[in-house]
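Enquirer: I'd like to go over a predicted model; first the sequence, then the structure.
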Amino acid sequence: MRRNTRLPRALTGDFVIRELDDETLVYDIGRDKAHCLNRTSALVWNYCDGKTTAAQAARSLQNELDVAIDTDLIWLAVKQLERFHLVESNGKSPSVSRRTLVLKYAPLALALPVIMSISAPAPAGVSSCLPPQAPCGSAGQPPCCPPNGCFGGTCNLG
C-alpha cells in the first residue's frame, strides 16, 4: 500500500521560491515563515503532484542522488512537508520512524530529507533599529537597518 500510494499535491500559492545549487528556499507569505529545503526534500516536493506514487518518487530520487532509496524516505520527507504546510495534507500519509531511517541511512546522511524553518519577524520588529538619518557604524551603536544602509556614518533607508 505504501509503495503505490500517491503523493499529495505540492502547495505553491503564496510562496516565494528560490532554487539554489543544493537547497531550495521557500518563503510562505501567508504564514510569515521561511523554509530551507535540502536537496532531498526539494526533490520530493517537486515529485508531489498528486499523481506520482511513492515508488515512482523513490526511483526518481534514487536516480537523481545515485544512492539506494526506498519509499520510507519519501514518506519521511512528505511528513515534513505536511508539517510545514508545503503540501496538501490528507491524513493518509503513512507514519515513518525517523530514528529507523537515520540508522538505515547513516552512511548516506546527506540523503535524509531536512527542512529548516524560521518565523519571519513582524514588520515593526524589522523597522525598529534606527530612524532615518541616525548616526551608524560607530562602536557601540546598533547596526543600520538595511544591509549596506550605512553611508558616510548616516543610516539611509531610502
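Expert: Alright, I've got the coordinates.
Enquirer: the helices in this structure, which residues?
Expert: Per DSSP state H, the chain has helices spanning 39-47, 54-65, 71-83, 98-104, 123-126. These are given in chain order.
Enquirer: With mean neighbour count, mean pLDDT and distance to residue 32 added, can I get these in a markdown table?
Expert: Every residue, glycine included, has its C-beta placed from N, CA and C. Rendered in a markdown table, the data for these read as follows (neighbours: other CB atoms under 10 Å; pLDDT from 0 to 100; distance: least, CB to CB, whole Å):
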| stretch | mean neighbour count | mean pLDDT | distance to residue 32 |
| --- | --- | --- | --- |
| helix 39-47 | 23 | 94 | 20 |
| helix 54-65 | 18 | 94 | 30 |
| helix 71-83 | 23 | 89 | 16 |
| helix 98-104 | 12 | 64 | 27 |
| helix 123-126 | 9 | 50 | 9 |
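Enquirer: These into CSV, with extra columns for distance to residue 26?
Expert: Compiled in CSV, the helices of the chain are given as follows (distance: least, CB to CB, whole Å):
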stretch, distance to residue 26
helix 39-47, 8
helix 54-65, 19
helix 71-83, 10
helix 98-104, 21
helix 123-126, 19
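Enquirer: Tell me what the spatially closest residue to residue 46 that is not a sequence neighbour is bridged to.
Expert: Setting aside the residues directly before and after it, residue 46 is nearest to residue 10 in space (CB to CB, 6 or more residues apart in numbering), at 7.3 Å. Beta bridges link residue 10 to residue 87 when assigned by DSSP bridges.
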